[in-house]
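*Asks:* make a model of this:
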Amino acid sequence: MERLLFRFLHLRIGVAEQVASTCKLYCCWWARQPELKMVRTNATRTALIFLSLLVRSSQGFQTSSNLGLTIKTTTHLPIKSKLTSSTTRQARKAHRYKSNARHKYSATVVDDESIHTNSNFLSVLWRFSRPHTIIGSALAIPSIHFLAAPTLSAVFSKSALSSILYALVPSLLMNLYITGLNQITDVDIDKVNKPSLPIAAGDLSMSNAKIIVSLSIITSLMIGLAHPILGSQGLNVALWGSAILGTAYSLEPLRLKRFPVLAAFCIVAIRGAIINAGFYAHAMTAAFGKHATVLGCLMNDKKCAMSSLFFAIFGIVIALMKDVPDAIGDAQFNIKSFTVRMGQKNVFLAMRRLITVSFFGVGAAFVRGASVAYQSGIGGEIALCRSLVALAAFGAGISSRHQAQSVNPEDSPQVYGYYMHLWKLFYLSYLFLPFAR
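*Replies:* Got it, this is the predicted structure:
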């Protein structure tokens with residue numbers, strides 16, 4: 001109806017139709033831009049002039065419904081067929097302002113959409129990386145360097161900082177590869193157990209996920225081999241060992257996660273010997289100039305051996321506790337995890353007891369170590385460091401036990417909350433690892 005009225009106006013009043021059209025476009029555009037609060041006074045005045053002309057030229061004509069303005073009279077009044085020169089100049093000026101503002105607004109929308117798209121992709125990538133595992137890997141490398149350092153000041157040397165930074169990048173990329181590959185192969189299971197993950201939720205396509213994991217593993221392994229000194233044997237053992245076992249854990253035809261014992265072996269090997277001993281040997285070689293191998297560190301260095309044993313046990317606890325809230329999906333897709341075989345309650349209680357006993361055992365050992373250091377006169381600093389580790393271990397043990405008391409093992413959200421609490425204790429363990437001397 002509005003278009004017909006404009007055509008009628010064009011036939012009856014000629015040039016006035018152009019004025020009304022310009023007014024309509026300008027005012028409709030202005031009304032649709034609530035964020036443009038500051039509009040030039042002369043442009044606003046021009047729009048009002050157009051409305052005034054429209055009222056005079058065709059009373060009874062209804063303007064744009066977007067503006068909600070209705071002007072009514074009972075008769076049509078004759079108007080001049082030509083506008084004055086001043087009105088024409090004002091019309092052109094308003095049209096130029098309208099066009100410039102429209103282009104500026106379009107450019108702003110494009111920029112906002114680009115930023116929004118980039119932020120969305122980064123958010124999806126962050127979720128795809130499984131942030132709690134990324135944080136664990138990021139804390140492990142500097143903590144192990146502190147543990148391997150002969151003195152505290154040696155960690156802040158140029159070679160040590162270079163070693164830490166050089167190891168961080170490929171290890172985080174390898175972490176992304178392992179967690180990403182697991183999501184790609186478990187997408188159907190995740191739709192049942194973890195529907196919020198990016199692939200299961202439809203936020204990340206399968207093709208893009210495969211590109212991400214492929215680039216991650218290739219870049220990670222290439223960085224490990226690129227430098228003759230910083231690309232140490234320990235670093236490459238950690239990267240290649242994690243890649244091989246992570247692939248065997250998730251990918252057919254092996255898919256070791258279907259077999260509880262072999263799945264546990266993969267996790268113990270990665271979290272225990274490969275990560276801790278591998279980066280310990282890397283720190284000794286690349287940061288502190290001592291030739292060291294992974295096997296040599298495990299066999300001959302007590303700090304490396306004991307830290308690897310503790311985090312291997314912690315790795316078992318985290319791995320099996322992760323399966324407790326996933327029992328429904330695992331059973332549905334024939335994943336014979338320990339939880340599916342033994343029941344959620346039994347696995348939950350066993351893992352809670354194991355991690356609690358581990359923390360109390362570490363605490364007792366470091367209390368004894370602090371006492372020996374103090375009595376033998378080895379040094380007050382050593383005794384203090386061991387005392388701090390003992391206090392942290394006892395506190396973590398009490399926390400793990402206390403948090404588990406209110407958890408129903410068959411309630412998946414509650415178990416998952418406890419599982420994430422264990423990751424916090426995992427971070428705490430690495431933060432206090434440098435004091436384990």
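*Asks:* make it CA atoms for all contacts and neighbour counts henceforth
*Replies:* Noted.
*Asks:* middle-most residue in the protein, spatially?
*Replies:* residue 126 (2.0 Å; C-alpha atoms, centre = their mean).
*Asks:* ok, residue 416 - contacts?
*Replies:* Going by C-alpha atoms under 8 Å, 6 or more residues apart in numbering, residue 416 touches 322, 325.
*Asks:* pLDDT score assigned to it?
*Replies:* Note for residue 416: predicted pLDDT of 93.
*Asks:* low-confidence regions, the stretch 101-250 of the chain specifically.
*Replies:* 101-119 (pLDDT under 70).
*Asks:* circling back to that earlier point, so the residue nearest to the centre of the chain is in which element?
*Replies:* Using DSSP states H and E, residue 126 sits within helix 85-128.
*Asks:* packing partners of the helix or strand following that helix?
*Replies:* Next along the chain after helix 85-128, taking DSSP H and E as the criterion, comes helix 131-148. With contacts taken as 3 or more C-alpha pairs under 8 Å, 6 or more residues apart in numbering; DSSP states H and E, helix 131-148 sits against helix 158-185, helix 278-282, helix 412-432.
*Asks:* reformat those as a markdown table; add distance to residue 149.
*Replies:* A markdown table is the format used below for the helices and strands packed on helix 131-148 (distance: least, C-alpha to C-alpha, whole Å):
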| stretch | distance to residue 149 |
| --- | --- |
| helix 158-185 | 9 |
| helix 278-282 | 10 |
| helix 412-432 | 14 |
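*Asks:* how about the helices in the stretch 201-350 of the chain?
*Replies:* 206-226, 233-250, 260-268, 278-282, 294-300, 302-323, 327-332, 338-342, 344-376 (DSSP state H, counting those that start in this stretch).
*Asks:* so which of the helices and strands packed on helix 131-148 is nearest residue 142?
*Replies:* helix 158-185 (6.1 Å; C-alpha to C-alpha).
*Asks:* domain map for the chain?
*Replies:* Using automatic domain parsing, the domain parsing of the chain gives 2-120, 129-435.
*Asks:* looking at these, which is buried most?
*Replies:* Of those, the one with the most neighbours on average (mean count of other C-alpha atoms under 10 Å) is domain 129-435, at a mean of 19.
*Asks:* so for it, first residue to last residue, what's the gap.
*Replies:* Domain 129-435 has an end-to-end distance of 30 Å (C-alpha to C-alpha, to the nearest Å).
*Asks:* do stretch 317-328 as well
*Replies:* This stretch, stretch 317-328, spans 20 Å end to end (C-alpha to C-alpha).
*Asks:* repeat that for stretch 277-297.
*Replies:* OK, stretch 277-297 end separation, C-alpha to C-alpha: 7 Å.
*Asks:* tell me where the model's unsure across the stretch 301-437 of the chain.
*Replies:* Using pLDDT under 70, the stretch 301-437 of the chain drops low at 379.
*Asks:* nearest to residue 347, of the helices and strands packed on helix 131-148?
*Replies:* Nearest of those (C-alpha to C-alpha): helix 412-432, 11.3 Å.
*Asks:* restricting to C-alpha, output the closest one in PDB.
*Replies:* C-alpha atoms of helix 412-432 as PDB (Å, rounded to 0.1, in the frame of the first residue of the first chain):
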ATOM      1  CA  SER A 412      27.400 -37.800  37.100                       C
ATOM      2  CA  PRO A 413      27.500 -34.000  37.800                       C
ATOM      3  CA  GLN A 414      28.700 -34.600  41.400                       C
ATOM      4  CA  VAL A 415      31.400 -37.000  40.300                       C
ATOM      5  CA  TYR A 416      32.500 -34.700  37.500                       C
ATOM      6  CA  GLY A 417      32.800 -31.800  40.100                       C
ATOM      7  CA  TYR A 418      35.000 -34.100  42.300                       C
ATOM      8  CA  TYR A 419      37.000 -35.000  39.200                       C
ATOM      9  CA  MET A 420      37.800 -31.400  38.500                       C
ATOM     10  CA  HIS A 421      38.700 -30.900  42.200                       C
ATOM     11  CA  LEU A 422      41.300 -33.600  41.700                       C
ATOM     12  CA  TRP A 423      42.700 -31.600  38.800                       C
ATOM     13  CA  LYS A 424      43.200 -28.700  41.100                       C
ATOM     14  CA  LEU A 425      45.100 -30.900  43.500                       C
ATOM     15  CA  PHE A 426      47.100 -32.100  40.500                       C
ATOM     16  CA  TYR A 427      48.100 -28.400  39.800                       C
ATOM     17  CA  LEU A 428      48.900 -27.900  43.500                       C
ATOM     18  CA  SER A 429      51.200 -30.900  43.300                       C
ATOM     19  CA  TYR A 430      53.200 -29.500  40.500                       C
ATOM     20  CA  LEU A 431      53.400 -26.100  42.200                       C
ATOM     21  CA  PHE A 432      55.000 -27.700  45.200                       C
END
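*Asks:* just want the angle from that helix to helix 302-323.
*Replies:* 170 degrees (axes from the mean of the first three to the mean of the last three C-alpha atoms, to 10 degrees).
*Asks:* identify the residues contacting the residue lying closest to residue 231 once chain neighbours are set aside.
*Replies:* Distance criterion C-alpha to C-alpha, 6 or more residues apart in numbering; nearest residue to residue 231, sequence neighbours excluded, is residue 224 at 4.9 Å. Residues counted as contacts of residue 224 (C-alpha under 8 Å, 6+ apart) are 167, 170, 231-232, 235-236, 239.
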